[in-house]
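J.: Just need the structure, nothing else, for what follows:
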Amino acid sequence: MKFIKILLRIAKGIYDILASYLLGWVLVFALFSLGLHLGLESVARLQNYDSADALWRALSYAYGERAILWMRLLVFGALNAGLVYLFRRPLRATQHFIESGIDTLIEFFQHFSQNRPRARTLGHLVFSATVTSLLIPFVLQPTLVADYRNRGAWLERGANLVDGSASRYVADSVIGLYRKFYASPVESVGGVSDSEVASAGDPQDGRPPSSTPHGSTHYPPTPASAQPLMDRWDPIIWRAAKNDPERFAMLKAFMWVESAGRQFAVSTTGCSGLMQFCAGTARARPFREIFGVGQITTCKCDGPCRIDKQTRQSLETGAINASEAGDAFPCDPADARFNPERSIFAGAAYVAQLSERFGGNIYLMYIGYNSGPAVASRVYQRLGRRADASLSDIELHLAAAMRPYYANASARRARSLLRTHLPKINRAYLGYQNQTPAPAPVAMR
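T.: Below is the predicted model of the structure:
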């Protein structure tokens, strides 16, 4: 027994030494890659992207997700290696400074606990636990990459490490990993029947609208009432709109086109919740302050995200909660994007941001919301920054503006927006303008 204790102490000592020096190297690497990432964020914003993540998504449309992951890994890996070699002397000095600081702390603690064996043991345990609790989420990135089973997920983790995404969101990774053990899943609000869910139609329906026998296009009118899936959120929408009828109509119209009022809506690309925030956008400011640090987790989808009709219906009626859906629901049930209040307030912030940017033109605003501000900015510039641009004006430039970001899919995506979503959101906006504030707000947790 005594021999085993000695072996454990030796192993513990070796681990502490390795952990301290490993921590020093990781800190230098993390700070270095964070600098690269902040530079990348600046470049992305200059190109009218919300974040570096939005830039990678756009490039993935054009060149394929796997190709972009390899590009990130190789290019930023080479950049890290080149910069480390170029600044090897100051980096070595920084490394020695960090290691010396850690050694000084260890020596001070050993001197302090010389006659206190229990305190020494406790200190070693705390140090080991702290280092481990930081390094594991930094490498695993549980909020950035959900899957652990395929090579693509580990390729993405490697890309996140070298381009600084893992460093930028290390707080999310640490909090996100450990909140899995205590976070309560978002509960389904329900309040609607199976028939009401079934009759609401599917959100983001990419099919063109039906045509009349005379060949003219017909868009079903948007009712201002009797939309149970939508109307249940009115109290929150009014609060997010600060009781302004124009803001209310705008925000509710965006919600209707994006999710049709479905609390647990998930798009094929993993955008989630009532306002369909993608994970990268939800982590960016100012939405990060609304959703919370470590509260957003990328959905675990093998390819496009798919949820069967029965599961979708059961979630909206409240027959089951997301935590009870098992593998049929590929997203984290505790993800803050499924919290109606947070999603709506974040959506209100985004819509207000786009309104200011594009002069309140609802068509350009929705293009920015749905396809990225970079696309809407290109159209806006080609229109001479005219805030009164009509749908026919926008049609002349939309496909060309999308081409750098969506490549071969640009024509199809532009056609879907022009024939379906843009007329739909305008009609919804006009229809919701006559609604009056709901008498009592709903408090969401």
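J.: quick one, what contacts Leu83?
T.: By Cβ atoms under 8 Å, 6 or more residues apart in numbering, the contact set of Leu83 is 32, 36. C-beta here means a position set from N, CA and C on the backbone, and glycine is covered the same way.
J.: Around Ile394, count how many other residues there are.
T.: 23 (other Cβ atoms under 10 Å).
J.: tally of neighbours for the closest residue in space to Ser259 that isn't next to it in sequence?
T.: Closest residue to Ser259 in three dimensions, ignoring its sequence neighbours and counting by Cβ to Cβ, 6 or more residues apart in numbering: Ala265, at 3.9 Å. When neighbours are counted by other Cβ under 10 Å, Ala265 registers 26.
J.: Next, Ala265: phi, psi?
T.: Backbone torsions of Ala265, given as degrees, to the nearest 10, read phi -70, psi 140.
J.: Tell me the spacing between it and Cys301.
T.: 14 Å (Cβ to Cβ, to the nearest Å).
J.: Repeat that for Ser199.
T.: For Ser199, the distance to Cys301 - Cβ to Cβ - is 28 Å.
J.: Between these two, which is the more surrounded one?
T.: Cys301 (17 against 11).
J.: low-scoring stretches of this structure, by residue?
T.: 1-25, 95, 98-99, 102-103, 106-107, 109-121, 123-124, 200-226, 436-445 (pLDDT under 70).
J.: what's the nearest residue to the most centrally placed residue in it if we skip its chain neighbours?
T.: The geometric centre of the chain, computed from its C-alpha atoms, lies nearest to Ala279 (Cα atoms, centre = their mean), at 1.2 Å. The shortest distance from Ala279 to any non-neighbouring residue, by Cβ to Cβ, 6+ apart, is to Thr298 (4.7 Å).
J.: Quick check, that neighbour in contact with Ala146.
T.: Yes: counting by Cβ atoms under 8 Å, Ala146 is a contact partner of Thr298 at 4.9 Å.
J.: neighbour count winner among those two?
T.: Neighbours per residue, other Cβ under 10 Å: of Thr298 and Ala146, the larger number sits with Thr298, 25 against 18.
J.: for the more buried one, what are its contacts?
T.: Taking Cβ under 8 Å, 6+ apart as the test, what Thr298 contacts is 143-146, 270, 279.
J.: could those residues go into a markdown table alongside distance to Leu36 and secondary structure?
T.: Formatted as a markdown table, these follow (distance: Cβ to Cβ, whole Å; DSSP: H, G, I helix; E, B strand; the rest coil):
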| residue | distance to Leu36 | secondary structure |
| --- | --- | --- |
| Thr143 | 20 | coil |
| Leu144 | 16 | coil |
| Val145 | 19 | coil |
| Ala146 | 24 | coil |
| Gly270 | 25 | coil |
| Ala279 | 21 | helix |
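J.: Ser173: which of those residues is nearest?
T.: Among these, Thr143 lies closest to Ser173 (Cβ to Cβ), at 5.7 Å.
J.: any idea how far the closest one lies from Ala325?
T.: Taking Cβ to Cβ, one finds Thr143 at 20 Å from Ala325.
J.: More neighbours: which of the two?
T.: For Thr143 and Ala325, the more surrounded residue by other Cβ under 10 Å is Thr143, and the numbers stand at 27 against 20.
J.: thinking the more buried one is in contact with Cys299, fair?
T.: No: in this structure Thr143 lies outside contact range of Cys299 using Cβ under 8 Å: 11.2 Å.
J.: and the residue nearest to Ser259, what does it touch?
T.: Listed by Cβ under 8 Å, 6+ apart, the contact partners of Ala265 are 203, 258-259, 272-274, 276, 312.
J.: Now stretch 280-293: buried residues?
T.: 280-284, 287-288, 290-291 (16 or more other Cβ atoms under 10 Å).
J.: Which residue, other than its chain neighbours, is closest to Gln313?
T.: Val197 (5.0 Å).
J.: how much space between that neighbour and Leu229?
T.: On the measure of Cβ to Cβ, Val197 and Leu229 end up 7 Å apart.
J.: overlap in contacts of those two?
T.: Residues touching both Val197 and Leu229 (Cβ under 8 Å, 6+ apart) are Glu316.
J.: helix or strand for Leu430, which one?
T.: helix 422-432 (DSSP states H and E).
J.: now, which of the buried residues of stretch 280-293 lie within helices?
T.: 280-283, 287-288, 290-291 (DSSP state H).
J.: Closest to Phe138 out of the residues you listed?
T.: Arg283 (16.1 Å).
J.: neighbours around the closest residue to that closest one other than its chain neighbours, how many?
T.: In space, and not counting its chain neighbours, Arg283 is closest to Ile296: 5.5 Å by Cβ to Cβ, 6+ apart. By other Cβ under 10 Å, 26 other residues sit near Ile296.
J.: repeat for Gly101
T.: 12.
J.: same thing with Leu91?
T.: Neighbour tally, Leu91, other Cβ under 10 Å: 17.
J.: Surely Ala409 and Ala58 touch.
T.: No: counting by Cβ under 8 Å, Ala409 sits too far from Ala58 to count as a contact (11.1 Å).
J.: From Phe181, how far off is the residue nearest to Gln313?
T.: For Val197, the distance to Phe181 - Cβ to Cβ - is 33 Å.
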